[in-house]
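In: Below is the sequence, then the predicted model.
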Number of protein chains: 2
Amino acid sequence: MLKKTGRNTFEFKNSPSIISFASTVGKKEGEGPLGGCFDTVEEDSHFGKETWEQAESEMLLQTVKLAIKKGGLNPQDINCIFCGDLINQCLSTTYGLRSLDIPFLGIYGACSTMAEGLLLASCFAASSEGKFAAATSSHFSTAERQFRFPLSYGGQRTPSAQWTCTASGSVVVSSKGTAPFVRAVSIGKIVDLGITDANNMGAAMAPAAASTIKTYLEDSNLSPDYFDCIVTGDLGVVGSKLLNELLLKDNIDISKQHKDCGVMMFDIKEQDMHSGGSGCGCSASVLCGYFLPKIKTGEIKEMLFAATGALISPAASQQGESIPSVSHLIHISYTNN
Amino acid sequence: MLKKTGRNTFEFKNSPSIISFASTVGKKEGEGPLGGCFDTVEEDSHFGKETWEQAESEMLLQTVKLAIKKGGLNPQDINCIFCGDLINQCLSTTYGLRSLDIPFLGIYGACSTMAEGLLLASCFAASSEGKFAAATSSHFSTAERQFRFPLSYGGQRTPSAQWTCTASGSVVVSSKGTAPFVRAVSIGKIVDLGITDANNMGAAMAPAAASTIKTYLEDSNLSPDYFDCIVTGDLGVVGSKLLNELLLKDNIDISKQHKDCGVMMFDIKEQDMHSGGSGCGCSASVLCGYFLPKIKTGEIKEMLFAATGALISPAASQQGESIPSVSHLIHISYTNN
């Protein structure tokens, strides 16, 4: 059962458990400071396939299969998978999961997809028997050509630009298990403060993260000090600074706890990453590769995971529109009470 | 709470109620045999806006607002809305709902979106207090140019082609209320039997509908005769014939109960509609405009609503891929036990 503790915040009477998780990243992500954390670092950016879209589908499939296998499960043990990605019609998801024969609900939350999937899987696991999976992916070469420029154009990147990570993450959630536990979730609203620059996603997404984090802290009556870390998805350097500034205006100081997966993924100066990493797979792989193992062992006891999605649409941008964003939040804990 | 009665089928211990619903259609849909059923028939296909995408966003927004209003509610009474559409990055949803300030989870199920949204809203309403909305839309002019040809190209349509409806539907679901009740749901799997023709969506989707309907009849131990109608989304004339044939191979005869929203929407001969209507908004508006009012009064007592989505992607089609499909099912009833 879900206990509503605010308009959009749900606590679990019995905290579901993240019983398994897996992560895959590409070569560049593997060369970053977190390279040793991921289950798989794939040197071949084509993942053995012919097209970029096939490559991303294959990466997602391998990651989902690994998460299921690490949980000692088979695909037929999964009651439903919540999955989506950045590519039009969630191509990577549809074609990646097609062979698995797992009941499937497609989601679209741009780079907030991992949080949305984990939120839904947790709500189902808290309300029913069964095992519920979530997954997402992104690939530099599928995303950049769809959202920005043809890959071969070789345009210069602006200082605020982020690098779409080639990465994927997947989890399996169940009503019964050990740490990590999902204690509560908060569903975000669409926030749009008028940013129109497709090369400044961090600025577009920071207000959504601020809104959702503030809502959850109020609804749960917890202060930032309660948490070992408050993790955002891919605000990057620019967006992270804005997030802290926005929350400080409401007298909420998360500077000691805040970490951003997009900043953590790369050695930003050394790897020339401008504002940092982005893409659905960025926060998904850092959650599954770096944070969840630390909660499993108790090294991290309480964390908030607030992935953000820039709901940018090239067609809308061409019509002069700004970039709406959304952020969903998961409270993950070493204990279940 | 959700009671799992099969791998992907969930019954509700307390059936949630669809407390409100609304539908909007365009001029051509309004001229069809169901024209008198819809809340709004809009003569202006631009819905007062400048671009087709803005038009679809506006149609969706008006439909959601009307569903909320018809329930005697305000947007701030809604705890979460599940919404998606056909346009890349779910543009119509994002920009349509942006002003409403309602907690939002984006979904992607192509033309199965109404079933997916109603399924998720029902599961949340069965597990928690609160009011959960679902909505979707489609517009002939946004969909055709994205998935098939430029509108001004004026290509000849094949006999199996369907017409993307300009239409939208929205529901509000709550744990407490009167008929219609949602008794159970079944989550579909991705099915792909190798259809590659973007002008024969019905054939691509029929196997997904057959799979989900068969699963639910088995899991629920109910026969087709139990239902007044078994409704599919937009298989059209071609897909409907295939669905019946596929189920007959498993000795399941739904010919007496089967209705398809895509066939019902138009006078197919008179309006020169080839295989019938399609698009997320087709089944959404027919569900909300035609079927739910009849269940509210008890004229229909038991129905299955199995919308199907062709998860077609132009990028994947250009790479020689076939069209995977999915179908989610909702058992809607006049009584709650």
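Out: In hand now; what should we look at? Numbers count the residues shown, from 1 in each chain, chains lettered A, B, ... in the order given.
In: Does residue A:196 belong to a helix, a strand or coil?
Out: Remark: residue A:196 carries the secondary structure label coil [criterion: DSSP: H, G, I helix; E, B strand; the rest coil].
In: Next up, the contacts around it.
Out: When the contact criterion is Cβ atoms under 8 Å, 6 or more residues apart in numbering or on different chains, the partners of residue A:196 are A:317, A:320-323. For every residue, glycine as well, the C-beta is placed using N, CA and C.
In: now do residue A:100
Out: When contacts are counted by Cβ under 8 Å, 6+ apart, residue A:100 is found next to A:61, A:64-65, A:75, A:81, B:190.
In: which of the residues you listed sit farthest apart?
Out: Set against one another by Cβ to Cβ, the contacts of residue A:100 have their most distant pair in A:65 and B:190, with a gap of 15.1 Å.
In: quick one, which of those two is more surrounded?
Out: Relative neighbour count places residue B:190 above the other of residue A:65 and residue B:190, with 26 against 16, counting by other Cβ atoms under 10 Å in any protein chain shown.
In: these two touch, right, the more buried one and residue A:93?
Out: No: the criterion here is Cβ atoms under 8 Å, and residue B:190 misses it with residue A:93 at 9.1 Å.
In: who in the stretch 151-300 of chain A is up against chain B?
Out: Taking Cβ under 8 Å from any Cβ of the partner chain as the criterion, the neighbours of chain B within the stretch 151-300 of chain A are A:187-190, A:192.
In: Go through those and name the one nearest residue A:207.
Out: Taking these together and measuring to residue A:207 by Cβ to Cβ, the closest member is residue A:192, at 8.1 Å.
In: quick one, what contacts the nearest residue to that closest one once chain neighbours are set aside?
Out: In this structure, residue A:192 finds its nearest non-sequential neighbour in residue A:324, 4.0 Å apart by Cβ to Cβ, 6 or more residues apart in numbering or on different chains. Residue A:324 sits next to A:190-192, A:204, A:310-311, B:94-95, B:98 when contact means Cβ under 8 Å, 6+ apart.
In: before we move on, back to that, who wins for most neighbours among the residues of the stretch 151-300 of chain A next to chain B?
Out: Neighbours were tallied for each of these (criterion: other Cβ under 10 Å), and the maximum of 31 neighbours falls on residue A:188.
In: now the helices: where do they sit in the stretch 101-250 of chain A?
Out: Here the stretch 101-250 of chain A has its helices, by DSSP state H, counting those that start in this stretch, at A:113-127, A:140-147, A:201-220, A:236-249.
In: got a list of contacts for the second one?
Out: Under the criterion Cβ under 8 Å, 6+ apart, residues A:26, A:28, A:45, A:52-53, A:55-56, A:86-88, A:92, A:151, A:163-166, A:198, A:279, A:312, A:314 lie in contact with helix A:140-147.
In: Looking at the contacts of residue A:196, which are in helices?
Out: With helices taken from DSSP state H, the overlap with the contacts of residue A:196 comprises residue A:317.
In: Any regions of the stretch 151-300 of chain A where pLDDT drops low?
Out: Applying pLDDT under 70 to the stretch 151-300 of chain A picks out no residues at all.
In: residue in it nearest to chain B?
Out: With Cβ to the nearest Cβ as the measure, residue A:187 is the residue of the stretch 151-300 of chain A nearest to chain B, at 4.1 Å.
In: which residues does residue A:48 contact?
Out: With the criterion set at Cβ under 8 Å, 6+ apart, residue A:48 makes contact with A:55, A:58.
In: now swap in residue A:132 and tell me
Out: Taking Cβ under 8 Å, 6+ apart as the criterion, residue A:132 is in contact with A:78-82, A:120-122, A:124-125, A:172-174.
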